[in-house]
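J.: Here's my sequence, what's the structure:
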Amino acid sequence: MSLSPKAKPPIPLWRWGSWWATLGAAMVVFYVLLTPVWLGLRALAWLAELQARRRSPK
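T.: Okay, here's the model as predicted:
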């Protein structure tokens, strides 16, 4: 009885291609679409806070 693990077969090239394509698409979605949306929301929150501070003097 051998306890050594069996060698795994090589991964087909189409799986590597689909992996890199999916990773590339996810990076485009995150960096090109979601980051500007997040920065825009932060800018709007900053402006709202600035306006609220101007309206109510302490």
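J.: in this structure, which ranges drop under the pLDDT threshold?
T.: Residue ranges of the chain with pLDDT under 70: 1-2, 57-58.
J.: Show the residue spans covered by the helices in it.
T.: For the chain, the helices defined by DSSP state H occupy 13-28, 35-55.
J.: Now distance to A7 and mean neighbour count too, for those, in CSV please.
T.: To be clear about C-beta, it is placed using only N, CA and C from the backbone, and glycine gets the same treatment. Formatted as CSV, these follow (distance: least, Cβ to Cβ, whole Å; neighbours: other Cβ atoms under 10 Å):
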stretch, distance to A7, mean neighbour count
helix 13-28, 18, 10
helix 35-55, 42, 10
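J.: Reformat those helices as TSV; add distance to K6.
T.: Below are the helices of the chain laid out as TSV (distance: least, Cβ to Cβ, whole Å):
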stretch	distance to K6
helix 13-28	19
helix 35-55	44
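J.: among these, which is nearest S4?
T.: S4 lies closest, by Cβ to Cβ, to one member of the helices of the chain: helix 13-28, at 25.6 Å.
J.: Give me the residue at the spatial middle of this structure.
T.: F30 (4.1 Å; Cα atoms, centre = their mean).
J.: so who does that one touch?
T.: Neighbour list for F30: empty [criterion: Cβ atoms under 8 Å, 6 or more residues apart in numbering].
J.: do you know how far it is from L44?
T.: Going from F30 to L44 by Cβ to Cβ, to the nearest Å gives 20 Å.
J.: Ok, M27 next?
T.: Distance from M27 to L44, by Cβ to Cβ: 25 Å.
J.: go on, G24?
T.: 30 Å.
J.: Equivalent analysis for P10, please.
T.: From P10 to L44 the distance is 50 Å (Cβ to Cβ).
J.: likewise P36?
T.: According to Cβ to Cβ, P36 and L44 sit 12 Å apart.
J.: same question, G17
T.: 40 Å.
J.: and what of L50?
T.: From L50 to L44 the distance is 11 Å (Cβ to Cβ).
J.: follow-up on the earlier one: closest to L3 out of the helices of the chain?
T.: Nearest of the helices of the chain (Cβ to Cβ): helix 13-28, 28.9 Å.
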